[in-house]
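Trainee: just the structure for this:
(2 chains)
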Amino acid sequence: MIEGLNPALILIAGALLVPLIPQPARRFYVVLLPLVSMLQLVMHSHGTFAQLNFFDLPLETFRLDGLSFVFSLIFHIAAVLGVIYAIHDDDPIHPTAGLVYAGAAIGAALAGDLLTLFVYWELTAVSSVFLIWARRTESAFKAGMRYLLIQVGSGVILLAGLIIHFTESGSLAFNAMNLETIGGKLVFLAFGIKCAFPFLHNWLQDSYPEATASGTVLLSAFTTKLAVYALARGYAGTEMLIWIGAIMTAFPIFYAVIENDLRRVLAYSLNNQLGFMVVAVGIGTPLALNGAAAHAFCHILYKALLFMSMGAVLLRAGTCKGSELGGLYKSMPFTTVCCIIGAASISAFPLFSGFVSKSMIVSAVAYEHLTLVWLMLIFASAGVFHHSGIKIPYFAFFAHDSGIRCEEAPLSMRVAMGITAALCIGIGVFPGLLYAILPYPVDYVPYTVAHVITQLQLLMYSALAFTVMMLWKIYPPELKSVNLDTDWFYRKGATALLLPVSALTARSTESLFSLLASIKSKFLSVFEKTVGPGAWLSRSVDTAGMVTLTMGSLLIFLLLYLF
Amino acid sequence: MKESTTKASKPENTWFDKPANVKKIIVALFIVCAMLMAAEFFYHKHAYFAAEEFFGFYALYGFIMCVLLVLAAKVMRVFLMRDEDYYD
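Mentor: Just a heads-up that it's a prediction; the model follows:
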């Protein structure tokens, strides 16, 4: 442990060396690197370090406290699991981009001032896009460009916000902010974009399913949870967040029911889970903030596990579309079991990780007597079981047999899935381990009789609803399709709007150029008449005339000289 | 599709392939649901909301909301569903 050394710097600097290290040493290096930086984090004392002055601005580039510790720790764990998962692939792009991306997210979580936050904020955008482009398809390239525009855009808004905030308050420190000032509003908007607030959300569902199998696993962990951390740091207790979060829990599940690409279904449920955290941040009590941090911790693990299992399916079966899959449990039994563990965790079954963290948030809502919000969260809990808990494993591994027979996932993927699944169950069985590292002291018991029974009632009757609708053939079948979401506005709407504008521009440019051309030719013809070939100014005279002219002028010169 | 994938040449007979076993799972689910409803008599709820006091609230709410969710999503399909290559 080196006092004052930011673990993010270890990770980012180390990651840049990854492409230079030959196989098989690289495999060990990429796993050891985040473990070393995690050790640095865990051993380090809390406080503010690495303070420096940048053009007389005091920066705090390394602030370690209860809140930043939980997020930095889970980012490290996600980085280790993500690189293990990608080991089977010799392409150095995943560990390189993935570890820089993880380092940037950790650096942002440890940033004590807004300028440092901004630098790492943009680095997460720039490094993560390579995980999408690594798919090397045209649609992935385009999706990556859209992703990059929106992510960098969020950073630009953050920069504008922090400059205004600095001029308003005279401080760059990243502490509690408010929505009273323009600076505060802009910073909030920048966080909201990365957090996939309703109507700002669609970059997530658009881009994550376009990335590679390993890329999506890494992507799912960092960007959005960094935004949750930033909101918890800057806007805890902002009432608007309760409503934003409640809407976030509810609306994506409707899309998840009818979406065919199973990794896109997971992206919608990721959005829904973020809603729970945002509600908790909005409530802002110590229990709620503990709930937000705990839920982010558990969520990163089970969401990674679900994306890992679907990534294995994508790698082996060549597709992730519900309409083309089914019966894969015969070929991939290990992946099936891991997927079900992830599904049980996200659904918050007792003894799985989601239960011990989501209960804190739902209880925090109950203690505040927010009836409507509570009803929305309970509905969203049932809904998430419906689509992530049942739909994902059912349509991929069971349902009707698609006839696809393939290999089980490669060893590295199975190791990563196995560890992640063990963590999901471990946290569910021993919640005290997680509660011990939360930012505030925990006085909360998740396993009460009433809690367990009511949760089981909610889940089993949701399963009953699914079963009944399947038996009666009411449940919508998986269809080859895409569903319109807010990305339509910039992928189709804006194009439709801009096409006439660009046609008009083309036409007016054309007429402008033809006008210029006619002016030019008129000017040229006048020019030609006066100085062109044969015009009086350029007419040539014969040699005798020339000699006469020269002698005449010399004679005049001589006469002038003489007199 | 990947080259390593193959199509099953003949139907296999694993445990899940037998309709009788699928029926067993469904029956087991019905029994579990009935038991969870019966459990309402045997524990005390620490209710924070009036709705929670209602008999079997969580079970009924979960069931009804899931049915509504799916029906609403089916209606959404009418308006929002497009061909797979809509954006290409």
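Trainee: remind me, longest helix of the chain?
Mentor: Reading this off chain A. Ordering each helix of chain A by length in residues (DSSP state H) puts helix A:494-531 first.
Trainee: let me rephrase: I mean chain B.
Mentor: The residue-count maximum for a helix in chain B (DSSP H) belongs to helix B:57-80.
Trainee: who are the packing partners of that one?
Mentor: helix A:239-258, helix A:371-384, helix A:449-471, strand A:482-483, helix B:19-38, helix B:50-53 (3 or more Cβ pairs under 8 Å, 6 or more residues apart in numbering or on different chains; DSSP states H and E). All C-beta atoms are positioned from the backbone trio N, CA, C, and that covers glycine.
Trainee: any chance of these in a markdown table, plus distance to residue A:283?
Mentor: Listed next are those as a markdown table, based on distance: least, Cβ to Cβ, whole Å:
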| stretch | distance to residue A:283 |
| --- | --- |
| helix A:239-258 | 6 |
| helix A:371-384 | 9 |
| helix A:449-471 | 19 |
| strand A:482-483 | 32 |
| helix B:19-38 | 29 |
| helix B:50-53 | 19 |
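Trainee: could you chop chain B up by domain?
Mentor: B:12-43, B:44-88 (automatic domain parsing).
Trainee: return the most buried member of those domains.
Mentor: Highest mean neighbour count among these (mean count of other Cβ atoms under 10 Å in any protein chain shown): domain B:44-88, with a mean of 16.
Trainee: for that domain, measure first residue to last.
Mentor: End-to-end distance for domain B:44-88: 57 Å, by Cα to Cα, to the nearest Å.
Trainee: let's check: the centremost residue of the chain is which one?
Mentor: Here I'm looking at chain A. Closest residue to the average C-alpha location of chain A: residue A:223 at 4.3 Å, with Cα atoms, centre = their mean.
Trainee: my question was about chain B
Mentor: Note: chain B centre (Cα atoms, centre = their mean) maps to residue B:66, 8.0 Å.
Trainee: my guess is residue A:329 meets residue A:397, correct?
Mentor: Yes. The pair formed by residue A:329 and residue A:397 meets the contact definition of Cβ atoms under 8 Å, at 4.2 Å.
Trainee: pLDDT weak spots in chain B?
Mentor: B:1-4, B:7-12 (pLDDT under 70).
Trainee: so the residue nearest to the centre of chain B is in contact with residue A:380, correct?
Mentor: No. Using Cβ under 8 Å, residue B:66 makes no contact with residue A:380, being 11.4 Å away.
Trainee: need the pLDDT of residue A:456.
Mentor: Residue A:456 carries a pLDDT value of 95.
Trainee: gap between the closest residue in space to it that isn't next to it in sequence and residue A:389?
Mentor: Nearest residue to residue A:456 in three dimensions, chain neighbours excluded: residue B:36, at 5.8 Å (Cβ to Cβ, 6 or more residues apart in numbering or on different chains). From residue B:36 across to residue A:389, the span is 17 Å (Cβ to Cβ, to the nearest Å).
Trainee: domain ranges for chain A, per the record?
Mentor: Chain A resolves into domains spanning A:1-216, A:236-482, A:490-562 when parsed by automatic domain parsing.
Trainee: from those, which stretch is densest packed?
Mentor: domain A:236-482 (a mean of 22).
Trainee: what's the span of that domain, first residue to last?
Mentor: Using Cα to Cα, the two ends of domain A:236-482 sit 36 Å apart.
Trainee: one step back: mind putting the domains of chain A into a markdown table with distance to residue B:40?
Mentor: Listed next are those as a markdown table, based on distance: least, Cβ to Cβ, whole Å:
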| stretch | distance to residue B:40 |
| --- | --- |
| domain A:1-216 | 36 |
| domain A:236-482 | 8 |
| domain A:490-562 | 49 |
